[in-house]
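# For reference, the sequence and a predicted model appear below.
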Amino acid sequence: MLAEAVLVNYKKPVAGAAVLAGVVLVGVIATASLSDNDATVTTTMPDAAGDATTSTAPAIDPSAPTSTTTTTTTTTEPPFDYVVASESDFAAAPAGAKILVQPGVYNVSVAPQAGQAWLCEEGAIFDGEFDHEYAFFSAAPDVSIDGCEIRNYDTPLQEGAIFGRIPNHTDGGWVVSNVWIHHNTATGIKLSGNNAQLLNSHIEWNDQMGFGMLHGSDQLVEGNEINNNNPGDRHEWGWEAGGSKNWGTIRLTIRGNVSHENHGPGIWSDWNNIDTLYEGNVVYGNVGAPGIFHEISYEAIIRDNEIFENGFPDGLPGRPFRARSGIHVAGSRGVEIYDNHVYNNAKGITGVEQCRSSSSDEFAESDGPWRLTDVVVHDNIIEDSGLSVAKTDCDYPIDMQFFDNEWIGSNTTE
């Protein structure tokens, strides 16, 4: 006789629009029965479409003892540990739990505990109604937030409606993904700590700024849309406003984002950022400010970005003429700018020595003073963007070199 095994396939539960991480093994049933005449084993299981398929393979050695075994196993791993269906449910969510937030409008402020994973179904909305400062705020490590809409939080200036405030350069940075965060009174999202990530989110119409990454190593900002933050110049961008401002990071990667129509820089890193990578971003229409701005920091690579229509209109208060460029570098060393398409900006690619005092931050002091040196600009397409130039505001020497770029249309250099 033949031995037959039937395997029931794995299934991933789905909650709303999100596919949750839990896996359910519905069942495994195996039956084997052999005799001296058995030569093959037939296995039956569903294919990708769910239909049964059968294959034949050599049987177990017929000289082995004859046996018959039947085993049935059912294993279920839930994709979440706790469900939020009303505002009263939030406080009891345990540390380390996977938490499902069901559809509804919640006027709450959450202080996440260590290891919590907040998963929002479609239609789960955190609405502060300007009664609360934060949607999520704590210093607890290893928190994740996925799929939520967050709006109308009365957040203090220079802070975020989502604020993962991990101590400087320690592990446990938060992961925020697939959120829509809008119409908050300060910044949408601020994250500190090592390995913090901001992914695939839409950050728009916040009164001060879109996002900021702070005081951490190996952070990642990828796949986000950042637009229309600081509308109507509610705050002077030279202080802190616009699309973003990153502060005191090491090996921050900003990749594959679209930042547009913010009143202030599209992507900005200011103060003691080391080894920053700006790669594959589309940055356009940011008002009166640079598309990408790397300021009083250290080594960076700016490559493969498309940057256009930034820096207009002219003459807005507090916006230095040179700082309305497609790409602007200020008081920073060791920056390589290449393979970018920079076009139709108020200025092209510019640099300035700001003559500011050297760093005193413990994580960056050894990297020396903030100086515009060892900056190379090559193999870019610079098109109809006016002036590309390096200037100094004092007697410090500067070193910013342009070579092997393709200049198209109306451009000038000094």
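Cool, got the structure. Numbers count the residues shown, from 1 in each chain.
# Please make it C-alpha for all contacts and neighbour counts, starting now.
OK.
# buried residues in stretch 140-159?
By 16 or more other CA atoms under 10 Å, the buried positions in stretch 140-159 come out as 140-155, 158-159.
# Count the residues that sit near residue 408.
Residue 408 has 12 neighbours, counted by other CA atoms under 10 Å.
# Could you pull up the residues touching it?
Counting by CA atoms under 8 Å, 6 or more residues apart in numbering, residue 408 makes contact with 381, 382, 383, 384.
# For residue 200, give me phi and psi.
Dihedral pair for residue 200: phi 50, psi 40, per degrees, to the nearest 10.
# isn't it right up against residue 223?
Yes - between residue 200 and residue 223 there is a contact under CA atoms under 8 Å: 4.5 Å.
# Just read off the phi/psi values of residue 156.
Torsion angles, degrees, to the nearest 10, at residue 156: phi -60, psi 150.
# which ones are touching it?
Going by CA under 8 Å, 6+ apart, residue 156 touches 133, 185, 186.
# Please, which helix or strand holds the second one?
What it means is residue 185. Under the criterion DSSP states H and E, no helix or strand holds residue 185.
# Kindly provide the distance from it to residue 335.
Computed with CA to CA, to the nearest Å, the distance linking residue 185 and residue 335 is 34 Å.
# what do you get for the first one?
When CA to CA is applied, the distance between residue 133 and residue 335 equals 38 Å.
# next one: the last one
Relative to residue 335, residue 186 is positioned 30 Å away (CA to CA).
# Which of the two has more residues huddled nearby?
Between residue 186 and residue 335, counting by other CA under 10 Å, residue 186 is the more crowded of the two (27 against 24).
# State the distance from the more buried one to residue 241.
9 Å.
# Mutual contacts of those two, please.
Common neighbours of residue 186 and residue 241 (CA under 8 Å, 6+ apart) are 208, 209.
# So what's the gap between stretch 178-197 and the chain middle?
Its chain's C-alpha centre and that of stretch 178-197 lie 9 Å apart, by CA atoms, centre = their mean, to the nearest Å.
# whoops, I mixed them up, stretch 208-224
Distance of stretch 208-224 from its chain centroid, counting by CA atoms, centre = their mean, is 6 Å.
# what's the model's confidence in that stretch, averaged?
Averaged over stretch 208-224, pLDDT sits at 98.
# ok, now stretch 383-391?
Here the average pLDDT along stretch 383-391 is 89.
# List the buried residues in it.
In stretch 383-391, counting by 16+ other CA under 10 Å, buried: 383, 384, 385, 386, 387, 388, 389, 390, 391.
# Dump the residues you listed into a markdown table; add secondary structure and distance to residue 286 as well.
Shown next, in a markdown table, are the buried residues of stretch 383-391 (DSSP: H, G, I helix; E, B strand; the rest coil; distance: CA to CA, whole Å):
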| residue | secondary structure | distance to residue 286 |
| --- | --- | --- |
| 383 | strand | 17 |
| 384 | coil | 17 |
| 385 | coil | 15 |
| 386 | strand | 17 |
| 387 | strand | 18 |
| 388 | strand | 18 |
| 389 | coil | 20 |
| 390 | strand | 22 |
| 391 | strand | 23 |
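# Brilliant, that's me finished.
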